[in-house]
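>>> Need coordinates for the following:
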Amino acid sequence: MTKQTVTFRNVLLQDAAVGHLRRSLARNRISQTYLFTGGPSIGKGRTALAFSAALQCLEVGAPTEDGLPDACGGCLSCRRIAAGSHPDVTTVTLQGNDIRVDQVRRLQELAVLQPNMGKWRIFIIDPADRLNEYSANSLLKILEEAPQRAVFMLLAENLERILPTVRSRSELVAFRTPSHDEARKALATITGLDADTVMRGYALAGGAFGIAGRLLTEGLPPREECAGLRAAHVRLVAEIIAAGDALHTRVEAAPSLEAALQELEAAHTTASIGLLTARRELVRGLIVSVSLPAAFPILFTRLFLEAVDGVKKDLKKAVESLIGKHKQAYTPGLLKEIEEQCGAAIGAWASRQPAAFLEGLMRWHEDLYHWGFMEDEKCLLNLDRKDDIMAVTAARGPACVRARLQLLHHSLELLRRFVQPALVLENVLTDIGGPIA
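Next comes the predicted model:
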């Protein structure tokens, strides 16, 4: 699968959302604020870039097959948006665990400026449901006073976390979550790979369509059957350390502090095939185990979090070293700002590791739940492990599966509220390792 341009025609499985935006372009009725809502990795970000490209495209009047506007994908404006270097398209992402007020205030400074090379000043806030109280109120003030040629695109998974006053000022664009079966078929079409390979890549990605496409493009390693729970545990810890070492090397080699920050921020949303594979195999081992050794919850949690904490410390040292190397090129204020942003990105990577582990457990339990009630393989994420799902569902029963699903949802919420990961992980593993209800 080759690198795709940022055009509407390359947004898959979101015909309704894309059609809505293209019809707005055709009628030249552009809202000031759009609110894109839907699950993770289903095309909100790609659509925001495609919409930005269509708004800024130098050749947008070129004919398309269906007669509706789309970006050309090849002009200077389109290429710069694809490369993330268009001066009139600004993306705001997490700084640590939320989007902060100083990030939003920077948008206020940019919004009043005339476009540089495009027709619009475009601001993409992703994820907008992670604005904190202060930044959300600051954004509302900007929206109330924004000039005519500014367009804001807010991307959110949880609509309830958006201020009602912001929602009321926004044009809602809903993104559907495609079924696992639809997603696998689409991936098979665009990659040309066989169904079994696509099935495994999609499961490794946890059902995230965009990540699955990347994994399948890079190529999957041969399947390995892990030799027991202990081996799976050791391998996951080793892969976390390896991922940290690789990121440490990229940060050290970065030509500037901005480049190092980009590496750290990207690491929060990406993971190597090795880490994804190790995580999934350990989760599978936990799912199929009848019971766990009594010491496993405490032992695993300690080694897991020690590995994450070790990576975190090494990355902070790498940033400190890089700051010492480049400090003459920056003002003290900018140096402090970048250092804080790097620290927040490292913290986000570390927080992501226990959350991703629990999310993996939750997806397997969702498969158990769906099979127990529907027995429809099209509903399964981990379809390549259908035999495991059938066997465990029969052994545990719906009450046990439902209770553990509720526990996992609650545990992820506790992590989001900054409850100590050690307490959360030990509690979940103790419950999983106990007797079947």
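
>>> where along the stretch 151-300 of the chain do the helices fall?
All helices of the stretch 151-300 of the chain, identified by DSSP state H, counting those that start in this stretch, fall at 164-168, 180-191, 195-204, 209-218, 229-252, 257-267, 273-288, 296-326.

>>> With mean pLDDT as extra columns, can I get the ones you listed in TSV?
Compiled in TSV, the helices of the stretch 151-300 of the chain are given as follows (pLDDT from 0 to 100):
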stretch	mean pLDDT
helix 164-168	93
helix 180-191	93
helix 195-204	95
helix 209-218	89
helix 229-252	94
helix 257-267	89
helix 273-288	94
helix 296-326	95
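
>>> Include distance to Leu407 and mean neighbour count when you put those helices into TSV, please.
(Each C-beta comes from the backbone N, C-alpha and C, glycine too.) As requested, the helices of the stretch 151-300 of the chain are exported to TSV (distance: least, C-beta to C-beta, whole Å; neighbours: other C-beta atoms under 10 Å):
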stretch	distance to Leu407	mean neighbour count
helix 164-168	31	13
helix 180-191	23	18
helix 195-204	22	21
helix 209-218	26	19
helix 229-252	20	18
helix 257-267	29	19
helix 273-288	13	21
helix 296-326	13	17
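
>>> With distance to Gly343 as added columns, please give those helices in TSV.
What follows is the helices of the stretch 151-300 of the chain, written out as TSV (distance: least, C-beta to C-beta, whole Å):
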stretch	distance to Gly343
helix 164-168	28
helix 180-191	36
helix 195-204	30
helix 209-218	26
helix 229-252	12
helix 257-267	9
helix 273-288	22
helix 296-326	7
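
>>> Go through those and name the closest to Val104.
helix 164-168 (11.5 Å; C-beta to C-beta).

>>> quick one: low-confidence parts of the stretch 301-437 of the chain?
434-437 (pLDDT under 70).

>>> can you give me the helices for it?
Assigned by DSSP H, counting those that start in this stretch, the stretch 301-437 of the chain shows helices spanning 332-374, 386-416, 421-432.

>>> Dump these to JSON lines, plus mean neighbour count and distance to Gln95.
Shown next, in JSON lines, are these (neighbours: other C-beta atoms under 10 Å; distance: least, C-beta to C-beta, whole Å):
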{"stretch": "helix 332-374", "mean neighbour count": "19", "distance to Gln95": "5"}
{"stretch": "helix 386-416", "mean neighbour count": "16", "distance to Gln95": "16"}
{"stretch": "helix 421-432", "mean neighbour count": "18", "distance to Gln95": "20"}
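
>>> Same list (these) but as a markdown table, adding distance to Val112.
Conversion of those to a markdown table gives the following (distance: least, C-beta to C-beta, whole Å):
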| stretch | distance to Val112 |
| --- | --- |
| helix 332-374 | 21 |
| helix 386-416 | 35 |
| helix 421-432 | 42 |
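
>>> Determine which of those helices approaches Gly43 most closely.
That would be helix 332-374 among these, by C-beta to C-beta, at 19.4 Å.

>>> did I read that right, Gly107 in a helix?
In this structure residue 107 is Leu, not Gly. Yes: counting by DSSP: H, G, I helix; E, B strand; the rest coil, Leu107 is part of a helix.
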